[in-house]
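Enquirer: Give me a model of this one.
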Amino acid sequence: MPLTKKQLNILCAYLLTSTVLLSCSSVNPSEDYDSITASLSFLAVGETTKVHLLQRLGQPSSTYENDEVWIYRIQYDQTTDKIKPAYGQFPIWNSYQLVLLFDPSGFLSEYNLIGAGDDP
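Expert: Okay, here's the model as predicted:
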């Protein structure tokens with residue numbers, strides 16, 4: 001399902017903000033990116049629901065567009081081999097933004113993991 005103009009505007013504003021914040025860091029992207037990607041293998045477009053995500057990841061860091069855009073700020077915890085919320089955690093180059101878009105019925109329609117130093 002294509003994004004509405006409003007959803008696209010919000011996503012673009014978020015990605016621009018993330019790029020500006022991440023460009024302030026001179027640190028290379030974390031090696032945890034592959035581990036986080038592997039930990040997100042449960043995400044399936046058209047199958048994963050908001051309820052499933054709440055059970056797996058808890059409350060998102062922020063939501064937009066009448067709850068159709070969710071953003072999680074996450075980190076990889078090497079001691080537990082799992083992803084965890086990065087609420088208020090710094091340094092910023094050690095966290096990632098998971099952007100999820102949902103269709104009106106609450107199913108995942110698209111997602112993107114934005115890591116430190118990534119170009120959106």
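Enquirer: All the strands of the chain, in order from the start?
Expert: Counting by DSSP state E, the segments of the chain that form strands are 62-64, 69-77, 82-85, 96-102, 108-114.
Enquirer: Using PDB, write out the CA atom coordinates for the third one.
Expert: Once side chains and other backbone atoms are set aside, the C-alpha atoms of strand 82-85 remain, and they are given as PDB (Å, rounded to 0.1, in the frame of the first residue of the first chain):
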ATOM      1  CA  LYS A  82      19.100  -9.200  22.300                       C
ATOM      2  CA  ILE A  83      17.900  -5.800  21.200                       C
ATOM      3  CA  LYS A  84      16.700  -3.400  23.900                       C
ATOM      4  CA  PRO A  85      15.200   0.100  24.100                       C
END
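Enquirer: between the strands of the chain, which gets nearest to residue 39?
Expert: strand 82-85 (4.7 Å; C-beta to C-beta). Placement of C-beta: from N, CA and C, glycine included.
Enquirer: Just checking: what are the partner strands of that closest one?
Expert: Strand pairing for strand 82-85, using DSSP bridges, gives strand 69-77 (antiparallel).
Enquirer: what comes up buried for the partner strand?
Expert: Of the residues in strand 69-77, 69, 70, 71, 72, 73, 74, 75, 76 count as buried by neighbour count, 16 or more other C-beta atoms under 10 Å.
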